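Chemist: Here is the input, now give the coordinates:
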Amino acid sequence: MTTGTRRFALSVVGYAALFGVLFAPWIRIATDSIPAQPHADDARVIVWVVGWVADALRALPGHVFDAPINYPAPAQLTGSEHLATSQLVAAPTYWTTGNAVLAANVATMASYLLAAVAMERLVTALGAVALAAWTAGVVFALGPLRAPANVQTLQYANVFLPLVAVALVRLRERPSARRAIALGLAALLGLFSSYYMAVLVIVLATVWIVLDAPPGRRTRFATLAALSLLGAAGVLVLASRPYFARSAALGPILDQMSQAVRDDAARYRTELVAFALPRFGEVPIALAALGIFGVLRPGAPRRLAVLGIACALVGLVFALGPMQPAFGIDRPLPFALLTDSPLRFFRMPERFLVLAGFGTALLAGAALAAIPGRAGTAIALVAAAAVLVDRAPAVQTWAPDRILDSATWAVYGRVGTVADSGALLELPLQDRSWALLEVDAMIGETIHHRPILTGYTGYRAAHRPLLLSLIARLPDADAWDAIVDLTHVRWLLLRPAAAWRDVATRTALRAMAGQVVLDENGWTLVRVARLPERRAWFEALAAGPQLGRTVLGAPLSALDPARTHAALSLVESPTDVATRGLTTPVARVENTGATSWPVAVPADHVETFRVALLAEWRPPSDAVPPPQAVPLPWDVAPGEALRVGARVGTPSAPGDYVLTLRVVQDGSTAFADSPSLEIPLTVAPR
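Modeler: Numbers count the residues shown, from 1 in each chain. A predicted model of the protein is given here:
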């Protein structure tokens, strides 16, 4: 065994021992819990992503993006990251155990170990002595956004920054085609880790190529590096076509998010100043400050210092967001290049602190590399101990977030054996304390392997508002029929009564939906009896959102008045109408024209041309509320009639009023000739 190999083996063993001790409490709960964090639902989505992608790579590699949530909408993985590179560790764990929670935990813990090893290799390649490089690896692995430990770090797994940098160092030493290919492979791993990491890798590589090009071979080095990175980026672009299609449909909401990032300039500055030290750690910051003086020393200290300063500054400047005020004027910053480009999905500038942490680790290596001989070794050893004393408590500052208890896990397993095929709806969507249960249902999908109707992702499915409005109306029979027609749901899974705010709804659903086939640990699985009828609805959802149309396929445009007509009649008039309250007359609304009415506008879409009821009280006075829109439940086809409960606010003063209902379309006068419905009501004092 060579000296270099022995040194590498000792480094890996040292890191393994270190993280084994640090993560011992985490390892003990890794099969059913993850480290708790403020964005608990986002973290649980990562668990689901890890499980689904691993499952798809084994069974349906050509349909990885068609995740079985928000069924039957296609390409639902594009609402989240794919975390493809994490599957190198996560997939074998999931294939062996079937446990997505464990797979996500193992992948995350491994990312800390691999980050330390990769940074140690980089600092060693740049000429630092063993302990200096090992300490830099610890600084990097426990850097900003990685303490306390959490699975969300898989969205910006920092291991790929030193991995790409090592490949660039090797290419600089010998600018050959073989080493260019190695750089391309390293870049591919980083680019396919996540889209956030893809941006960070490209920024890092650009800085590195500019600053570390070898004298006399700059052109060849830069050309080979650029070709390698462009090749890797091209592969990512080809693989990301479903994401680009989703991005085109999400144009308005992405624009709103970009504007929100621009409007938050003061927050980014405040957070950077107020939270920089805790995120980096006091000892790493002190080492980095000393490392700046490495520019005064030739060799490894200078090279480490120059690259470290550049990466730290670039990361911090990007973390300030797209603009900051200077001399009373908002000045654009480099992050504005992202907010005004197809990369505007990168809406969290603070994640550039990962790049700043990379620079900090290089500077720490520069500080220790500048001290020669045994003194340097001793100081590096003390520095490593100080970093651990400083950062270990921060990394371990978390409590277990239990994902699924053993009883729930067993029920999901039984569902997978009983529910032979078809989509599943799990209710309720929130528990009694309003905690979201949809993410737990998504993790349940990795156990029972049935498509589910709901799903929590970064970008909502186009039909989600329609589905949620129907679920909110349950156990209304018309709403249930519409859900079956919309989704072809075949199974209804009801959580135990303790999870329901309205247990009567659970009882009614159990009775009306179909045959109970499983009743275990308080859970009830019902085989849906009703067969779908309006098949065009399902086909529209399965085809995905179409520009200029509702999710059910109706054109989103101004209706032709000559072909548009509505008829209204009263089904049920309310009694005991009181002031400053709510009342709900029930009306029959019929499309007596020749054109479908657009109602189900896609999520996050401009709502122009939506058809609705408009409720107005007469006679006008200061006591009556302003005109109120009453939504219709779905697109209304010619000849179709609906029962609509018009829930509206009442006047503030008692008296005799007339509540007028009429059909309107936002952005047109299509229903100007259709008669309104007038409902005389006496409003009594409360």
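Chemist: For residue 503, grab the count of nearby residues.
Modeler: Neighbour count of residue 503, defined by other Cβ atoms under 10 Å: 12. Placement of C-beta: from N, CA and C, glycine included.
Chemist: Now do the same contact list for it.
Modeler: residue 497 (Cβ atoms under 8 Å, 6 or more residues apart in numbering).
Chemist: and the strand or helix carrying residue 359, how far from the chain's centre?
Modeler: Per DSSP states H and E: residue 359 is located in helix 353-369. Centroid displacement of helix 353-369 relative to its chain, using Cα atoms, centre = their mean, to the nearest Å, is 29 Å.
Chemist: counting contacts, what elements does the helix or strand harbouring residue 96 pack onto?
Modeler: If you go by DSSP H and E, residue 96 is part of helix 87-97. With contacts taken as 3 or more Cβ pairs under 8 Å, 6 or more residues apart in numbering; DSSP states H and E, helix 87-97 sits against helix 40-59, helix 100-125.
Chemist: Can you say which of the ones you listed is nearest to residue 373?
Modeler: Residue 373 lies closest, by Cβ to Cβ, to one member of the helices and strands packed on helix 87-97: helix 100-125, at 17.6 Å.
Chemist: Please find the angle between the direction vectors of the closest one and helix 353-369.
Modeler: Here the directions of helix 100-125 and helix 353-369 differ by 40 degrees (axes from the mean of the first three to the mean of the last three Cα atoms, to 10 degrees).
Chemist: same question for helix 100-125, mean pLDDT?
Modeler: Mean pLDDT, computed over helix 100-125, is 97.
Chemist: Next, the buried residues of the helix holding residue 359.
Modeler: For helix 353-369, a neighbour-count test (16 or more other Cβ atoms under 10 Å) marks 353-369 as buried.
Chemist: just so I have it, where are all the strands in the stretch 201-350 of the chain?
Modeler: 323-326, 329-332 (DSSP state E, counting those that start in this stretch).
Chemist: Check the stretch 501-650 of the chain too.
Modeler: 514-520, 523-528, 566-572, 577-578, 582-583, 586-591, 611-618, 628-631, 641-645, 648-649.
Chemist: can you put these in JSON lines and add mean pLDDT?
Modeler: Output for these, formatted as JSON lines (pLDDT from 0 to 100):
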{"stretch": "strand 514-520", "mean pLDDT": "96"}
{"stretch": "strand 523-528", "mean pLDDT": "97"}
{"stretch": "strand 566-572", "mean pLDDT": "96"}
{"stretch": "strand 577-578", "mean pLDDT": "94"}
{"stretch": "strand 582-583", "mean pLDDT": "96"}
{"stretch": "strand 586-591", "mean pLDDT": "97"}
{"stretch": "strand 611-618", "mean pLDDT": "96"}
{"stretch": "strand 628-631", "mean pLDDT": "96"}
{"stretch": "strand 641-645", "mean pLDDT": "95"}
{"stretch": "strand 648-649", "mean pLDDT": "96"}
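Chemist: who wins for proximity to residue 391 among these?
Modeler: strand 523-528 (42.9 Å).
Chemist: Paired strands for the closest one, with orientation please.
Modeler: Next to strand 523-528 in the sheet, as set by DSSP bridges, lie strand 489-494 (antiparallel), strand 514-520 (antiparallel).
Chemist: Pull out the buried residues from the longest one.
Modeler: Taking 16+ other Cβ under 10 Å as the basis for neighbour counts, the residues of strand 514-520 that come out buried are 514, 518.
Chemist: chain center to that strand: distance?
Modeler: 34 Å.
Chemist: and the residue nearest to residue 23 when sequence neighbours are not counted, how many neighbours does it have?
Modeler: For residue 23, ignoring the flanking residues on the chain, the nearest one in space by Cβ to Cβ, 6 or more residues apart in numbering is residue 109 at 5.4 Å. Neighbour count for residue 109, taken as other Cβ under 10 Å: 20.
Chemist: which ones are touching residue 109?
Modeler: Contacts of residue 109 (Cβ under 8 Å, 6+ apart): 19, 23, 26, 27, 30, 149.
Chemist: correct me, but the third one touches residue 35?
Modeler: Yes - with contact defined as Cβ atoms under 8 Å, residue 26 and residue 35 form a contacting pair (6.3 Å).
Chemist: Who has more neighbours out of these two?
Modeler: Between residue 26 and residue 35, counted using other Cβ under 10 Å, residue 35 has the larger neighbour count: 24 against 20.
Chemist: now the angle from the helix or strand where residue 378 lies to helix 100-125?
Modeler: Secondary-structure assignment from DSSP H and E places residue 378 in helix 373-395. Here helix 373-395 points in a direction 160 degrees away from that of helix 100-125 (the same axes, to 10 degrees).
Chemist: nearest residue to residue 76 other than its sequence neighbours?
Modeler: residue 67 (4.4 Å).
Chemist: Can you tell me the SS state at the one you found?
Modeler: Under DSSP: H, G, I helix; E, B strand; the rest coil, the three-state class of residue 67 is coil.
Chemist: contacting residues for it?
Modeler: Contacts of residue 67 by Cβ under 8 Å, 6+ apart are 52, 56, 76, 77, 455.
Chemist: Could you work out the most separated pair of the residues you listed?
Modeler: Across those (Cβ to Cβ), the longest gap, 15.1 Å, separates 56 and 455.
Chemist: what does the model give the residue nearest to residue 76 for pLDDT?
Modeler: 96.
Chemist: Tell me where the stretch 451-600 of the chain is predicted with low confidence.
Modeler: For the stretch 451-600 of the chain, no stretch has pLDDT under 70.
Chemist: how about the helices of it, start to end?
Modeler: Ranges of helices in the stretch 451-600 of the chain, per DSSP state H, counting those that start in this stretch, are 464-473, 477-487, 503-513, 535-543.
Chemist: List the buried residues for stretch 527-546?
Modeler: Going by neighbour count (16+ other Cβ under 10 Å), the buried part of stretch 527-546 is 527, 528, 532, 534, 537, 538, 540, 541, 544, 545.
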